[in-house]
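# No letters, just coordinates:
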């Protein structure tokens, strides 16, 4: 066999791990490409070295962690092939990620690409006709190898040129997971996530919130998308949005995501959530925000609650006295 080098699209899920290992086990050098956006993998941002070391220690895979957030947001606004069941542009997502991987081949001196896709596993993006569209539109025809279902596909260049032994590739198809789990056991792979999917855009509740926000704000930023993933959300007016933390770690996350012009609110002297108010509002809107924050604090049964507020980056120095909001008052404001 000829020696070769491959780039593997490594999502972190079981299928991509198995596909990568199958090629590595043929003596081929493989570099894993792990793309991240605010919708998948973003917790690795700023901790790339730690995650790379973890993949190396657990699976022997050298990886590159690549943030493609800005480009991904542009695709999400207007995907050519539309959305899946929720707000997931699965076909356009694959085309984009495979195109990025293709563009890296020369730099990484790679002969071919590897994907963990399984024919028939996903109803939108892993049909045979869709997989061909993805190859065509991403410019990867002939050198995109799918080791788990390769025996159902046409041979790729890597197989025809003797870099990969096709006889050692698999013929897995359909939505079942038993063959992959049995293979993982034989390979000694035990540390992998459950097969529920790691993309927030496939989660019905989160996808609907993101869809609504994009309809209102087509030019949504990374900061805004990350904010949508934290806490309880309320639309106080067309341009005013309130987020209320549910736990202390969410309060801390809201502090991190606050930006100039935001107003932060907190009940004075009593444990409770942090509120982040974004958008210009008047005194009445500020009082409404304060009453909602008080509603989720330990002062929710009091008649009069002192709430302190201040602009992001400043002290909570301004007092506000409110009555905690009732469920009836806030029901129509939930976002």
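Ah, there it is. These figures come from a predicted structure and were not determined experimentally.

# Spell out which residues make up each domain of the chain.
Under the assignment automatic domain parsing, the domains of the chain span 5-198, 230-331.

# Could you say which one of these comes nearest to residue 208?
domain 5-198 (7.3 Å; CB to CB). C-beta coordinates here come from the backbone N, C-alpha and C atoms, glycine included.

# Burial check on residue 204, number of neighbours?
10 (other CB atoms under 10 Å).

# CSV for the domains of the chain, including distance to residue 209?
Below are these laid out as CSV (distance: least, CB to CB, whole Å):
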stretch, distance to residue 209
domain 5-198, 9
domain 230-331, 7
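
# Turn the ones you listed into CSV, including mean pLDDT, mean neighbour count and distance to residue 206.
Below are the domains of the chain laid out as CSV (pLDDT from 0 to 100; neighbours: other CB atoms under 10 Å; distance: least, CB to CB, whole Å):
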stretch, mean pLDDT, mean neighbour count, distance to residue 206
domain 5-198, 94, 18, 8
domain 230-331, 96, 17, 11
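
# Can you tell me which of these is nearest to residue 207?
Nearest to residue 207, of the domains of the chain and by CB to CB, is domain 5-198 at 3.5 Å.

# okay, how far is it across that closest one, tip to tip?
The straight-line separation of the ends of domain 5-198 (CA to CA, to the nearest Å) is 28 Å.

# so how many other residues sit close to residue 335?
Counted with other CB under 10 Å, residue 335 comes out at 16.

# Hmm, residue 244 and it touching each other?
No. Applying CB atoms under 8 Å, one finds residue 335 not in contact with residue 244, separated by 11.0 Å.

# Run through the residues that contact residue 93.
72, 75, 79, 125 (CB atoms under 8 Å, 6 or more residues apart in numbering).

# Common neighbours of residue 335 and residue 244, please.
Common neighbours of residue 335 and residue 244 (CB under 8 Å, 6+ apart) are 233-234.

# Isn't residue 12 up against residue 35?
No. Counting by CB under 8 Å, residue 12 stays clear of residue 35, with 10.5 Å between them.

# circling back to that earlier point, tabulate the contacts of residue 93 (JSON lines), appending secondary structure.
Output for the contacts of residue 93, formatted as JSON lines (DSSP: H, G, I helix; E, B strand; the rest coil):
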{"residue": "72", "secondary structure": "helix"}
{"residue": "75", "secondary structure": "helix"}
{"residue": "79", "secondary structure": "coil"}
{"residue": "125", "secondary structure": "coil"}
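
# Now flag whichever of those is closest to residue 317.
residue 72 (39.3 Å).

# With adjacent residues omitted, what lies nearest to that closest one?
Ranked by CB to CB, 6 or more residues apart in numbering and with sequence neighbours excluded, the top spatial neighbour of residue 72 is residue 37, at 4.3 Å.

# how near is the one you found to residue 86?
16 Å (CB to CB, to the nearest Å).

# got it, and residue 29?
37 Å.

# tell me how far the ends of stretch 212-230 are from each other?
Start-to-end, stretch 212-230 (CA to CA) is 16 Å.

# got the buried residues for it?
By 16 or more other CB atoms under 10 Å, the buried positions in stretch 212-230 come out as 213-214, 220, 222, 224-230.

# Distance to residue 326 added to the contacts of residue 93, as CSV?
Converted to CSV, the contacts of residue 93 look like this (distance: CB to CB, whole Å):
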residue, distance to residue 326
72, 40
75, 42
79, 41
125, 45
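
# Just the closest of these to residue 293, please.
Closest to residue 293, out of all of the contacts of residue 93 and judged by CB to CB, is residue 72, at 32.6 Å.

# contacting residues around that closest one?
Residue 72 sits next to 37, 39, 93, 96 when contact means CB under 8 Å, 6+ apart.

# picking that back up, can you add distance to residue 299 and secondary structure and give the buried residues of stretch 212-230 back as JSON lines?
Conversion of the buried residues of stretch 212-230 to JSON lines gives the following (distance: CB to CB, whole Å; DSSP: H, G, I helix; E, B strand; the rest coil):
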{"residue": "213", "distance to residue 299": "30", "secondary structure": "helix"}
{"residue": "214", "distance to residue 299": "35", "secondary structure": "helix"}
{"residue": "220", "distance to residue 299": "34", "secondary structure": "coil"}
{"residue": "222", "distance to residue 299": "34", "secondary structure": "helix"}
{"residue": "224", "distance to residue 299": "30", "secondary structure": "helix"}
{"residue": "225", "distance to residue 299": "32", "secondary structure": "helix"}
{"residue": "226", "distance to residue 299": "29", "secondary structure": "helix"}
{"residue": "227", "distance to residue 299": "25", "secondary structure": "helix"}
{"residue": "228", "distance to residue 299": "27", "secondary structure": "coil"}
{"residue": "229", "distance to residue 299": "27", "secondary structure": "coil"}
{"residue": "230", "distance to residue 299": "22", "secondary structure": "coil"}
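
# For those, could you give me TSV that also reports distance to residue 304?
TSV is the format used below for these (distance: CB to CB, whole Å):
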residue	distance to residue 304
213	34
214	39
220	38
222	39
224	34
225	37
226	35
227	30
228	32
229	33
230	29
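
# Would you point out the most distant pair within the residues you listed?
Within those, 214 and 230 form the most distant pair, 17.2 Å apart (CB to CB).

# contacting residues around the residue nearest to residue 326 when sequence neighbours are not counted?
Of all residues beyond its chain neighbours, the one nearest residue 326 is residue 295 (7.6 Å), with distances taken as CB to CB, 6+ apart. Applying CB under 8 Å, 6+ apart, we find residue 295 in contact with 324-326, 330.
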